[in-house]
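Undergrad: any chance you could fold what I've pasted below:
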Amino acid sequence: MSWKTYTVKEPTELTVSKYVKERFSLSSRDIQMMFRKKRVKVNSRVAHSQRSLKKGDVLTLELPQDKDYGVDVEKGPITVLYEDAHTLVVNRILYARSSSRSNKVLYIEQLCGRLLCEKGRSP
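TA: Numbering: from 1, shown residues only. Next up is the predicted model:
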């Protein structure tokens, strides 16, 4: 993570936490963590979340990184089956590595196998 610096350009009545939430679209949890770990500064001083901002204040913060939770995204073909103004139905292929098969993939395979057996076919 690296520190980013922003200058408040317009007059505002917002507190630091509300300004950060609106400006950067962060969750309340992420904002709380940033203040707890002293990753928010106003005019080079560690900021309190309820401090009022004014025009010309220099806001320096260390934004949290996106969390991927250790999931590797694999791209595959997606086919649009149905689309209207409110609904989108897609068909996607589910990929799984043979070395790390998840419970969800095994469940889907078992379910498909069971459905094929019910129709008199071998899985």
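
Undergrad: ok, Leu61 - how many residues close by?
TA: Residues within reach of Leu61, counting by other C-beta atoms under 10 Å, total 23. The way it works is simple: take the backbone N, C-alpha and C, and place the C-beta from them, glycine included.

Undergrad: ok, which stretches of the protein are strands?
TA: Under the criterion DSSP state E, the chain contains strands at 3-7, 40-42, 45-46, 58-62, 78-83, 88-92.

Undergrad: now those strands as TSV including distance to Met34?
TA: Shown next, in TSV, are the strands of the chain (distance: least, C-beta to C-beta, whole Å):
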stretch	distance to Met34
strand 3-7	12
strand 40-42	5
strand 45-46	11
strand 58-62	6
strand 78-83	36
strand 88-92	35
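
Undergrad: so which of those comes closest to Leu26?
TA: Of all these, it is strand 58-62 that lies closest to Leu26, at 9.7 Å by C-beta to C-beta.

Undergrad: kindly reformat the strands of the chain as CSV containing mean pLDDT and distance to Ile31.
TA: Below are those laid out as CSV (pLDDT from 0 to 100; distance: least, C-beta to C-beta, whole Å):
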stretch, mean pLDDT, distance to Ile31
strand 3-7, 88, 14
strand 40-42, 94, 8
strand 45-46, 93, 15
strand 58-62, 91, 10
strand 78-83, 80, 34
strand 88-92, 75, 32
